[in-house]
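1. mind looking at a prediction? Sequence and model below.
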Number of protein chains: 2
Amino acid sequence: MRVAIDAMGGDFGPSVVVPGAIAGAKAHDSDLILVGDEAAINAVLQGLDLTGINVKVVHASQTIEMSDHPAQAVRRKQDNSISVALRCVKDGSADAMVSAGNSGAVMAAALMVLGRIDGIDRPAITGAVPNAHGGLTTIVDLGAVTDPKPLNMVQQTMMADVYARTILGLQKPRIGLMANGEEESKGNALVQKVHPMLKELEGINFIGNVEGRDVLTGEVDVVVADGFTGNVLLKAIEGTARMLLSVIKQEITSSTTRKLAAAVLKPAFKEVQRKLDPNSIGGAPLLGVDGAVIIAHGSSNADAINNAVGVGVTAARKDMRGAIATRVASTRSAASEEAAG
Amino acid sequence: MRVAIDAMGGDFGPSVVVPGAIAGAKAHDSDLILVGDEAAINAVLQGLDLTGINVKVVHASQTIEMSDHPAQAVRRKQDNSISVALRCVKDGSADAMVSAGNSGAVMAAALMVLGRIDGIDRPAITGAVPNAHGGLTTIVDLGAVTDPKPLNMVQQTMMADVYARTILGLQKPRIGLMANGEEESKGNALVQKVHPMLKELEGINFIGNVEGRDVLTGEVDVVVADGFTGNVLLKAIEGTARMLLSVIKQEITSSTTRKLAAAVLKPAFKEVQRKLDPNSIGGAPLLGVDGAVIIAHGSSNADAINNAVGVGVTAARKDMRGAIATRVASTRSAASEEAAG
C-alpha cells in the first residue's frame, strides 16, 4: 500500500501534515508519497525519524488556499499539490490520496483527474461526529451537491452504506433521513420524494426520518441530508460543542476553590475531549470518485492526519471503490430487470 | 392586558401550564383566561394562591395532541383549546395567546381564526437559543414554511427584525443568512436568490451569510433559514448541548474523588445550566398572523410558561402586530414607488 499526501493542506501545512503522515505510514504499514513544495517538505523531514518506512517526495509548484474558489483554482493552478497527489492515484503509483486542504478543490480536482464511478452521477462528501454511544455518526452529504435531485441522494445513501460497512465495519448500518419530524409525512419537498425511494431501496437498513436532535444519540449510524443541510448540521454540532465547553471552562475556573476542584476533574474533562475529539476520526472518504480519496478537516493536527492515512489504507485495502461500483451496478440491474419484468 | 392560555398544551398539561400562567400573570401584571378542560383546570387552580389577579376559565371540550396532524386536527376538533384561546384574541377578550402545544396546530388554527397580516404571504415560527455572549440568537423559520419562495424569506426576515427590535429590545439586530459558507457565492439555489434581496432590503442590518458554527457565538442576532433547515438547526443545537452535558456528567461522577470535586463545582454547573436554560426564553411569537400568538416549547416547565406570558404581554403592549403591518406597508410602497419611478 502506498498513500499520496497533499503535504500543503490544512491550516498548518507541512509542519503538521508531514509528521502526521510519517506517523500514519508507520502505524498503518504504508509507503508514502509527500506532495508539495519540495524544500518545505524536506525541511520538516530532516527532523523526523524515517526508519522502516519508504518515503518519496514529489514536487508540486503550486498550492490551493482555503480561500480559493475550488473549481477555478484547480483549473488555473495545474501543478497544485492536490491535483499532483491525485495523479499519483490515477497513474497507479499510489493506492489512496489524503488531503486536509480546500475540500471543494479536492472534489473538483478528483472529478477532473479520476472521474466518477460508473453509475454515480454526483459525488458525496462525508463527515463523522462522535456520538453518545462512543461510536461515530456519519453525515452525508456535507456540500458536494447543495441542490441534489432525489436520485443523487439515493446514490449518496448507497455509497455511505458501503462506506459504513467496509471502513467503519458496521454490519447493518442504521440509515436515517434528516427531516423536520419523524413522521414519514414530514420534510421539505425533496425529503418527501427521497423517503419512499430509500424505503424501497434494497439492502439498506433504513430507519426512517431522524431529527436534528437524533444525530448524536447513537441511535443512527448514517444521517442522509442534502449537501446544504448536511453542512449546516455538522457545523452547528461542532459550534455548539465548542461554545458549551468554553462556557463551562469559564464557570469552573471563576474562583480559586472552583479551580482546585476543576483540577481534580481534569482527567475527566480530558476523557470527554478524547471521546469527542474530531481528530480521532481523521478523515472521511470523498464518495463516488474513481479512487480512494480521503478528506481531512482543515484544522487537523498530526494525529488526525495519522488517522486519515489509516482511513486511506483501509479504503484501498478493502477496495471501497470496487464495492461501490458493484453495489451500484447490482441496484441498476435489479431496477432494469424490474422495469423489463 | 389579558392573556389567553392554552392550558392543555405542552408535555405536562394543566399541572404545569396553570401554575406557570398564574405566576406569569402576577409577574407581568396581566389578567388571565385559562382555556381547556374546566374540571382539570379548576383542580389545579384550587391549590394556588390567586390573590391580586383576575383569572377566568373558559371551557374547551377538545384537546389537540402533539402527535395529531396539525391542520386536520384543527379542522376536526372545532372546540379544541388552541382554537378557543385564539378566538379570545379574535373577539377582543384577550390581547395575546400563549400555547405550548402542537406548534403546527397553533399555526394552522391561528391562520384560520386570526388570518394573516396584510402583505404577509406566509407566517414564520421563530425560536431562540442562548448564545456565548449571554444574549439570545433568534432562528427564523422553524418550519412554518418548509419550501419557501425567496419572497417568503424576505418577509420572514422583516418580521424577525421587527420582533428583535420590539420584543428583544435590540437597536440594530444583526441579521445573518444561514448558508454553507460565508462568501456571497455560497448557498443552495434558494439562499443564492435570497442573499441579494436581503442585501438590498432597506432598514435591516444584514451581515451576510453565516454558518452553522456561528449561531451561538453571539456575533449574529437573527439567523434566517428556510423552515426545514431552521428546524434541523435548532434541534441539532439542543441535541448537542444535551448530549455533551450528559457525557460530562457521566465522566465527572465516575469515581468517589471525582464526585467530591464535582460537588464543589455544582454551583458552576448550575450557572451554566441557567445561562443555557431554554425555559428562560419561554416562548417566541408566531410571526405574520393578525394577533399576538406566542408558541412555547413542548417541554416547557412553569418558569417557561411564566416567561411566555411575559412575551405575550410585551408583544401586545408594544403592538408588534401593528409594527409588522407598518413595516410591510412601507416596504411595499417603497417598492411600488421604485417600480413607478
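-> Sure, I can see it. Numbering: from 1, shown residues only, chains lettered A, B, ... in the order given.
2. point to the residue nearest the middle of chain A.
-> Ranked by distance to the mean C-alpha position of chain A (C-alpha atoms, centre = their mean), the top residue is A:Ala284 at 2.1 Å.
3. quick check, pLDDT for that one.
-> The model reports A:Ala284 with a pLDDT of 87.
4. helix or strand for it, which one?
-> strand A:283-287 (DSSP states H and E).
5. what helices or strands is that strand leaning on?
-> Other helices and strands packing on strand A:283-287, by 3 or more C-beta pairs under 8 Å, 6 or more residues apart in numbering or on different chains; DSSP states H and E, are helix A:103-113, strand A:124-130, helix A:150-166, strand A:292-296, helix A:302-317. The C-beta positions use only the backbone N, C-alpha and C, and glycine is treated the same way.
6. can you show me the strands along chain A?
-> The residue ranges that make up the strands of chain A, judged by DSSP state E, are A:2-6, A:31-36, A:55-59, A:96-99, A:124-130, A:136-140, A:174-178, A:205-210, A:222-224, A:283-287, A:292-296.
7. closest to B:Gly24 out of those strands?
-> strand A:205-210 (34.4 Å; C-beta to C-beta).
8. residues contacting that closest one, please?
-> Outside strand A:205-210, the residues that touch it by C-beta atoms under 8 Å, 6 or more residues apart in numbering or on different chains are A:172-179, A:181-184, A:186-187, A:191, A:195, A:198-199, A:219-220, A:223.
9. any low-confidence regions in the stretch 201-341 of chain A?
-> Counting by pLDDT under 70, the low-confidence segments of the stretch 201-341 of chain A come to A:278, A:339-341.
10. tell me how many other residues surround A:Gly134.
-> A count of nearby residues for A:Gly134, using other C-beta atoms under 10 Å in any protein chain shown, gives 9.
11. if I look at it, how far off is chain B?
-> Using C-beta to the nearest C-beta, to the nearest Å, we find A:Gly134 at a distance of 9 Å from chain B.
12. could you do A:Ala335 as well?
-> The spacing between A:Ala335 and chain B, counted by C-beta to the nearest C-beta, is 28 Å.
13. now swap in A:Lys199 and tell me
-> Separation of A:Lys199 from chain B (C-beta to the nearest C-beta): 19 Å.
14. next: A:Gly127.
-> Distance of A:Gly127 to chain B, given as C-beta to the nearest C-beta: 12 Å.
15. partners of that residue in the sheet?
-> Beta bridges link A:Gly127 to A:Ile139 when assigned by DSSP bridges.
16. for it, give me its contacts.
-> With C-beta under 8 Å, 6+ apart, A:Gly127 has these contacts: A:138-140, A:142, A:230, A:234, A:284.
17. number of nearby residues for the residue nearest to A:Ser30 when sequence neighbours are not counted?
-> Counting by C-beta to C-beta, 6 or more residues apart in numbering or on different chains, the nearest residue to A:Ser30 once its immediate chain neighbours are dropped is A:Met1, at 4.5 Å. Applying the criterion other C-beta under 10 Å, we find 17 residues in the vicinity of A:Met1.
18. isn't A:Met1 right next to A:Ala316, touching?
-> Yes. Under the criterion of C-beta atoms under 8 Å, A:Met1 makes contact with A:Ala316 at 5.9 Å.
19. next, show the common contact partners of those two.
-> The contact lists of A:Met1 and A:Ala316 share A:95-96, where a contact means C-beta under 8 Å, 6+ apart.
20. near chain B, which residues of the stretch 51-200 of chain A?
-> Proximity of the stretch 51-200 of chain A to chain B is assessed by C-beta under 8 Å from any C-beta of the partner chain, with A:69, A:131-132, A:143, A:146-147, A:178-181, A:185, A:187-189, A:191 identified as the residues in range.
21. circling back: next one: the strand holding A:Ala284 to chain centre, how far?
-> Distance of strand A:283-287 from its chain centroid, counting by C-alpha atoms, centre = their mean, to the nearest Å, is 4 Å.
22. and the residue nearest to A:Ser30, what pLDDT?
-> Value listed for A:Met1 in the pLDDT field: 94.
23. contacts only, for it.
-> The neighbourhood of A:Met1, defined by C-beta under 8 Å, 6+ apart, consists of A:28-31, A:95-96, A:313, A:316-317.
24. of these, buried ones?
-> Buried residues within those, counting neighbours by 16 or more other C-beta atoms under 10 Å in any protein chain shown: A:28, A:30-31, A:95-96, A:313, A:316-317.
25. closest to chain B among the residues you listed?
-> Of all the buried ones among the contacts of A:Met1, chain B sits closest to A:Ala96, with 26.5 Å by C-beta to the nearest C-beta.
26. distance of A:Met243 relative to chain B?
-> For A:Met243 relative to chain B (C-beta to the nearest C-beta), the value is 4 Å.
27. next: A:Met320.
-> Applying C-beta to the nearest C-beta, one obtains 25 Å for the distance of A:Met320 from chain B.
28. and for the nearest residue to that residue once chain neighbours are set aside, the neighbour number?
-> Nearest residue to A:Met320 in three dimensions, chain neighbours excluded: A:Thr166, at 4.9 Å (C-beta to C-beta, 6+ apart). Using other C-beta under 10 Å, the number of residues around A:Thr166 comes to 20.
29. isn't A:Thr166 right up against A:Ala316?
-> No. Here A:Thr166 does not reach A:Ala316: they are 10.9 Å apart, not a contact under C-beta under 8 Å.
30. what's near enough to touch A:Val293?
-> With contacts defined as C-beta under 8 Å, 6+ apart, A:Val293 is in contact with A:86, A:89, A:96-97, A:99, A:106, A:110, A:114, A:285-286.
31. can you count the residues close to the nearest residue to it once chain neighbours are set aside?
-> The shortest distance from A:Val293 to any residue that is not its chain neighbour, by C-beta to C-beta, 6+ apart, is 4.3 Å, and that residue is A:Leu286. A count of nearby residues for A:Leu286, using other C-beta under 10 Å, gives 25.
32. run through the bridge partners of A:Leu286.
-> When bridges are taken as DSSP bridges, the partners of A:Leu286 come out as A:Ile125.
33. go ahead and confirm it touches A:Ala105.
-> No. With contacts counted by C-beta under 8 Å, A:Leu286 stays clear of A:Ala105, the gap being 11.3 Å.
34. now A:Asp91: how far from chain B?
-> If you measure A:Asp91 against chain B using C-beta to the nearest C-beta, the figure is 33 Å.
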